[in-house]
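Asker: Any chance you could fold what I've pasted below:
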Amino acid sequence: MSLEFDKGPSMSSAFMAGMDVQKSLAGSKAAAKRLLNDPKQEEKKFIYECWKEWKKNSINYKSKAAFARDMIEKCEYLTSTKKIEDWCREWEKETTTQPAQ
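Answerer: So this is what the prediction gives:
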């Protein structure tokens, strides 16, 4: 008489997969906490508000590059005009893909 066992995933591999999920969740929570305390994120919010004002034409800039240079002057932690220009492009895409309200 011979007994055959199901050769599915072992209990230890299921346990390890669960541990990977826990590590991933802990990492996500830690990253979110770092972002909340990151002064660059506050500056990004400030720049977004300035960008919205610029797009309403109450502030005049000749280009994204000119806008980005001015924002760098106003910010303490941000140093990349390219990053600000990238955000501007991202915000432009978001506003063109959203339905009118």
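Asker: Check the gap between Tyr61 and Lys74 for me.
Answerer: If you measure Tyr61 against Lys74 using C-beta to C-beta, to the nearest Å, the figure is 13 Å. To be clear about C-beta, it is placed using only N, CA and C from the backbone, and glycine gets the same treatment.
Asker: Apologies, that question was intended for Gln22.
Answerer: From Gln22 over to Lys74 the distance is 42 Å, taken as C-beta to C-beta.
Asker: For the chain, name the helix or strand with the lowest mean pLDDT.
Answerer: Ranking every helix and strand in the chain by mean pLDDT, DSSP states H and E puts helix 11-36 at the bottom, with a mean of 69.
Asker: Following element in sequence after that one, please.
Answerer: helix 39-55 (DSSP states H and E).
Asker: Convert the C-alpha atoms of that following helix to CSV, please.
Answerer: Provided in CSV are the C-alpha atoms of helix 39-55 (Å, rounded to 0.1, in the frame of the first residue of the first chain):
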residue,chain,number,x,y,z
PRO,A,39,9.7,69.7,3.0
LYS,A,40,10.0,69.2,-0.7
GLN,A,41,6.4,67.9,-0.8
GLU,A,42,5.2,71.1,0.9
GLU,A,43,7.1,73.1,-1.8
LYS,A,44,5.6,71.0,-4.5
LYS,A,45,2.1,72.0,-3.2
PHE,A,46,3.2,75.6,-3.2
ILE,A,47,4.4,75.4,-6.8
TYR,A,48,1.2,73.7,-7.8
GLU,A,49,-0.8,76.6,-6.4
CYS,A,50,1.5,79.1,-8.2
TRP,A,51,1.1,77.0,-11.4
LYS,A,52,-2.7,77.2,-11.2
GLU,A,53,-2.5,81.0,-10.8
TRP,A,54,-0.1,81.2,-13.7
LYS,A,55,-2.5,79.2,-15.9
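Asker: Which strands or helices does the helix or strand just after that helix pack on?
Answerer: Sequence-wise, the next helix or strand downstream of helix 39-55 (DSSP H and E) is helix 64-74. Applying 3 or more C-beta pairs under 8 Å, 6 or more residues apart in numbering; DSSP states H and E, we find helix 64-74 packed against helix 39-55, helix 81-97.
Asker: who's in contact with helix 64-74?
Answerer: Residues outside helix 64-74 that contact it (C-beta atoms under 8 Å, 6 or more residues apart in numbering) are 46-47, 50-51, 54, 61, 78-82, 84-85, 88-89.
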